[in-house]
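Visitor: turn this into a model:
(chains A and B)
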Amino acid sequence: MNLEEKLRILTDAAKYDVSCASSGSARGGVKGGIGSCAASGICHTWTADGRCVSLLKLLYTNACCYDCAYCVNRRSSDVPRASFSPDELARLTIEFYRRNLIEGLFLSSAVAVSADRTMERLIRVAEILRFRERFNGYIHMKIIPGASTELVERLGFLVDRVSVNVEFPNDRELMLYAPDKQAQSIIRSMLSVRDRKLELLPSVYGRAPAPRFVPAGQSTQMIVGAGDSDDRDILARAETLYRQMQLKRVYYSAYVPVNHKGALGDSFKVPLLREHRVYQADWLMRFYGFSAGEILGARPLLDLRVDPKTAWALDNYHLFPLDVNTAPLEMLLRVPGVGPKTARRILAGRRLAYLSYDTLKKTGAVMTRARYFLSARGRSPYGWTEDPGKVYRALAGDDASGCRQLSFLEAV
Amino acid sequence: MHYLFDGSFDGLMTLVFETYRKKNEVEAVSEYMGADSLLETCFIASDVAKASRIKGFMARSLGEEFVFMVKAAFLSRRESRFRAIVRTLHLSCGMGKAALDLLDDSVLDFVACQREVQCEAHRFNGLIRLRQMRDGSMLGVFAPRNNVLPLILPHFTERFPEERLLLYDENRRLAGLSGEGKTEFFEVAVITPQETGDEAELRDLWRVFFDHLAIRERVNPRLQRQHLPKYTWKNLTEMR
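Guide: Numbering: from 1, shown residues only, chains lettered A, B, ... in the order given. Model prediction:
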């Protein structure tokens, strides 16, 4: 089998892993080597589905001995199988990197023979890149569920980020759909990475340089809309992972039915909007100081018609309108249409001058949403009303009276 | 008053110095292109000593980040960029960095100019495609809207310390050369690349990877164009 064919098969096999970030590591180039890392990460292109390509995302092999219902590479799936050799992967990575096509490598693998055997192969690839090729770019590798902690640790010293997918918000579903994976072992490897990273914090080392262990931290992925769990389960799980496991990112992927005869059924629409709302809620937890419980209030599922922050603000309409000249940062961040940058600009701006309603727009606030929730000097001329229902209808795309503009082309 | 200068960074800094006492009269600032305007204009000649006083003030009182913002704004394609820089620096003479927090139109324009430049520079850090030439050097041709080459070249120099690099801005016919610890900028009329035989094979492999990475059920060309505007396509292997 030639390289092109392998690349085709193993790209197809790897693409359902969402993560492609190259952020979190910052280091300069090294004389005699190749590569550097930008703290923000760098995207190199965007595919037809609008997702960014930052890393060379591949599977080492797709010949899997597990049989997970949602996965395209499951043992019983009828797809062509292939494996790279460590040298082929190293060459592809370096040659693509030299042409500025990628930030580095994201390598995962099907479980071939055993978890430990597979992990050893991944480690071999990382060793070739780091030691033989003197590659200083970004490497993200998957921890194979069930691999021993010694191997996880060895990998951690070679790469920037590791991840292991929890796949489902609760262990019951994991057992049902991925009978060969054990929730215990997934959690165990996450914990071991977290603890080792804490032991190696630079502060422990004082002036001596601390060894680099998974500098960009860990991430994981959950499938949205495959099992019967609701958004409450998903967000609660994500919150636990952020707080207890200190994950850098939780990714969510709307379930794409790849196995039509699979256990999850096939009369199915990919829940892209739901995935989008879950991401918005995730951002609220990470950058806006929301807790999972607050975001959902009394509902099990996020409102699909308005974003979760607007939904929260309408549930708590008695807190508004907020005065931009006196509201504290935590509350400004909770105003729909105001992000961290705008909130900071409002704080800085009002230190120099009293803000009027009309200068608000210059701070970058999205007034189509923010006008229902803000006032300045006691005035709130364009939006605020007594009735949150009216605001909901306006922001969900109906006008205030609940009517909608008909389209000339739309059938009535 | 409509002020003119020679187009150089030092020239603009001299202008900031010279107009400080008349700072409320600066209505427009542009580069002198040789043609005389019908409006009343005033040409400010570049003066290294005066420019370095302003530069010294910036380094001392405004901090590294602000200085970088001024340099980025200077590379912007917007016509209003010079006036925005001059106004912002005049304001910051009294209040330092806090001038950036003013919700003043010139300051907002300045912030927007430098932001657009820095965003485009970041975008092209990822989008420039390098090809290996027969003499072993790597060539990257791109066509940015703003003059971002001076911001981009250091990133590439750092990333590829062992390579000889030539980045070429087609729109300004400006080339940046880096290698053996030196960087250099010069104007080049035409470039005729002579690439090695490996390039075609690697391009094919990249296209295979790119095409197969998209998930069919999620295809969304609008989202793709939003991140990857069409003006960048002609130099992208995978979009041609």
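Visitor: what does the stretch 201-350 of chain A put close to chain B?
Guide: Residues of the stretch 201-350 of chain A lying close to chain B by C-beta under 8 Å from any C-beta of the partner chain are A:Ala254, A:Val256, A:Val270, A:Leu272, A:Arg345, A:Ala348, A:Gly349. Quick note: C-beta positions are derived from backbone N, CA and C, even for glycine.
Visitor: out of everything not next to it in sequence, what's closest to the residue of chain B found nearest chain A?
Guide: Taking C-beta to the nearest C-beta, chain A has its nearest neighbour within chain B at B:Leu223, 2.8 Å off. Excluding the flanking residues, the one nearest B:Leu223 by C-beta to C-beta, 6 or more residues apart in numbering or on different chains is A:Gly50, at 2.8 Å.
Visitor: ok, now B:Gln118?
Guide: Closest residue to B:Gln118 apart from its sequence neighbours, by C-beta to C-beta, 6+ apart: B:Ala72 at 5.2 Å.
Visitor: now for the helix or strand harbouring the one you found, which elements pack on it?
Guide: Assigned by DSSP states H and E, B:Ala72 falls within helix B:63-74. Contact analysis of helix B:63-74 by 3 or more C-beta pairs under 8 Å, 6 or more residues apart in numbering or on different chains; DSSP states H and E lists helix B:9-18, helix B:81-95, helix B:105-127 as its packing neighbours.
Visitor: turn those helices into JSON lines, including mean neighbour count and mean pLDDT.
Guide: As requested, the helices and strands packed on helix B:63-74 are exported to JSON lines (neighbours: other C-beta atoms under 10 Å in any protein chain shown; pLDDT from 0 to 100):
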{"stretch": "helix B:9-18", "mean neighbour count": "22", "mean pLDDT": "96"}
{"stretch": "helix B:81-95", "mean neighbour count": "21", "mean pLDDT": "95"}
{"stretch": "helix B:105-127", "mean neighbour count": "20", "mean pLDDT": "96"}
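Visitor: how about these, which one is nearest A:Ser356?
Guide: helix B:105-127 (14.9 Å; C-beta to C-beta).
Visitor: burial of A:Val152, as a residue count?
Guide: By the criterion of other C-beta atoms under 10 Å in any protein chain shown, A:Val152 has 22 neighbours.
Visitor: so it makes contact with A:Ser192?
Guide: Yes - when contacts are counted by C-beta atoms under 8 Å, A:Val152 is listed as touching A:Ser192 (5.8 Å).
Visitor: tell me which stretches of the stretch 201-350 of chain A form helices.
Guide: Using DSSP state H, counting those that start in this stretch, the helices of the stretch 201-350 of chain A run over A:202-205, A:231-244, A:272-287, A:292-296, A:308-315, A:329-332, A:340-352.
Visitor: that older thread, list the contacts for the residue of chain B closest to chain A?
Guide: A:Trp46, A:Asp49, A:Gly50 (C-beta atoms under 8 Å, 6 or more residues apart in numbering or on different chains).
Visitor: so which of those residues belong to strands?
Guide: The strands, defined by DSSP state E, take in A:Trp46 from the contacts of B:Leu223.
Visitor: for the helix or strand containing B:Arg53, which residues meet the burial criterion?
Guide: For B:Arg53, the host element (DSSP H and E) is helix B:48-57. Applying a neighbour-count criterion of 16 or more other C-beta atoms under 10 Å in any protein chain shown, one finds B:Lys50, B:Ala51, B:Ile54, B:Lys55, B:Phe57 buried in helix B:48-57.
Visitor: quick one: list the elements packing against that helix.
Guide: Judged by 3+ C-beta pairs under 8 Å, 6+ apart, helix B:48-57 is in contact with helix B:9-18.
Visitor: what does the next helix or strand after the helix it packs on contact?
Guide: Next along the chain after helix B:9-18, taking DSSP H and E as the criterion, comes strand B:28-31. With contact meaning C-beta under 8 Å, 6+ apart, strand B:28-31 is reached by B:His2, B:Tyr3, B:Leu4, B:Phe5, B:Asp6, B:Gly7, B:Leu12, B:Leu15, B:Glu79, B:Phe82, B:Arg83, B:Val86.
Visitor: please name the residues that touch the first one.
Guide: If a contact means C-beta under 8 Å, 6+ apart, then B:His2 has B:Glu27, B:Ala28, B:Val29, B:Ser30, B:Ser37, B:Leu39, B:Glu40, B:Thr41, B:Cys42 as its contacts.
Visitor: which one (most neighbours) among the residues you listed?
Guide: Across the contacts of B:His2, neighbour numbers were computed from other C-beta under 10 Å; B:Val29 holds the maximum, 24 neighbours.
Visitor: please name the nearest non-neighbouring residue to that one.
Guide: Spatial nearest neighbour of B:Val29, excluding adjacent residues (C-beta to C-beta, 6+ apart): B:Phe82 at 3.9 Å.
Visitor: check A:Cys37 too.
Guide: Spatial nearest neighbour of A:Cys37, chain neighbours left out: A:Ser25 (4.2 Å); criterion: C-beta to C-beta, 6+ apart.
Visitor: again, but for B:Glu187
Guide: Closest residue in space to B:Glu187, ignoring its immediate chain neighbours: B:Arg173 at 5.6 Å, by C-beta to C-beta, 6+ apart.
Visitor: need the pLDDT of that neighbour.
Guide: Here, the pLDDT recorded for B:Arg173 equals 95.
Visitor: so what's the residue count around it?
Guide: Residues near B:Arg173, counting by other C-beta under 10 Å, number 13.
Visitor: for it, what are its contacts?
Guide: By C-beta under 8 Å, 6+ apart, B:Arg173 lies in contact with B:Glu187, B:Val188, B:Ala189.
Visitor: sorry, back to before: A:Asp171 is nearest to which of the helices of the stretch 201-350 of chain A?
Guide: Each of the helices of the stretch 201-350 of chain A has some distance to A:Asp171 by C-beta to C-beta; the shortest is helix A:231-244, at 10.1 Å.
Visitor: now the closest one against helix A:308-315, angle please.
Guide: In terms of direction (axes from the mean of the first three to the mean of the last three C-alpha atoms, to 10 degrees), helix A:231-244 departs from helix A:308-315 by 110 degrees.
Visitor: flag every buried residue along helix A:231-244.
Guide: For helix A:231-244, burial by neighbour count (16+ other C-beta under 10 Å) applies to A:Asp231, A:Arg232, A:Asp233, A:Ile234, A:Leu235, A:Ala236, A:Arg237, A:Ala238, A:Glu239, A:Leu241, A:Tyr242.
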